[in-house]
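Peer 1: Turn this into a model:
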Amino acid sequence: MANLANAKKAIRVQARKSEINKKIRVKAKRLLKEANQAVENKDKKTAVSKLQETKKTLDKASKRFIHPKKVSRLKSRLEKKVNSLS
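Peer 2: As a prediction, this is how the structure comes out:
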């Protein structure tokens, strides 16, 4: 257990950041799964809306904990799948 006030505050701050990061990570994974499922079902309207939402969430994730190149790769692959529906 931390004894100094600034160490205690650092623990609180880290707990808040971890919770926020977890929410974004879970949301990104859920949206990727939903977008891929819409592509498999050949539902272009849903796939396009999920694509936009997924790209926004992945961009947020790239600023925090997912490597930007991985985010770019995921977005590119999803974009190709959605574009192949037409």
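Peer 1: As a check, name the ranges of all helices in the chain.
Peer 2: 5-40, 44-62, 68-83 (DSSP state H).
Peer 1: Could you check how far the residue nearest the centre of the chain is from Ser62?
Peer 2: In the chain, the centroid-proximal residue (CA atoms, centre = their mean) is Ala28; its distance is 2.7 Å. Going from Ala28 to Ser62 by CB to CB, to the nearest Å gives 10 Å. Bear in mind the C-beta positions are built from the backbone N, C-alpha and C, glycine included.
Peer 1: and if you look at Val13?
Peer 2: Val13 is 22 Å from Ser62, by CB to CB.
Peer 1: Same check on Lys80?
Peer 2: From Lys80 to Ser62 the distance is 19 Å (CB to CB).
Peer 1: Among those two, which residue is more densely surrounded?
Peer 2: Comparing Lys80 with Ser62 by other CB atoms under 10 Å, the one with more neighbours is Ser62, at 18 against 10.
Peer 1: For the more buried one, which non-adjacent residue is spatially closest?
Peer 2: Excluding its sequence neighbours, the residue lying closest to Ser62 (CB to CB, 6 or more residues apart in numbering) is Val71, at 4.0 Å.
Peer 1: How many neighbouring residues does the one you found have?
Peer 2: Neighbour tally, Val71, other CB under 10 Å: 19.
Peer 1: Can you give me every residue that contacts it?
Peer 2: 58-59, 61-62 (CB atoms under 8 Å, 6 or more residues apart in numbering).
Peer 1: Pull the most distant pair out of these.
Peer 2: Asp59 and Ala61 (7.2 Å; CB to CB).
Peer 1: More neighbours: the two, which one.
Peer 2: Using other CB under 10 Å as the criterion, Asp59 and Ala61 rank with Ala61 on top: 21 against 15.
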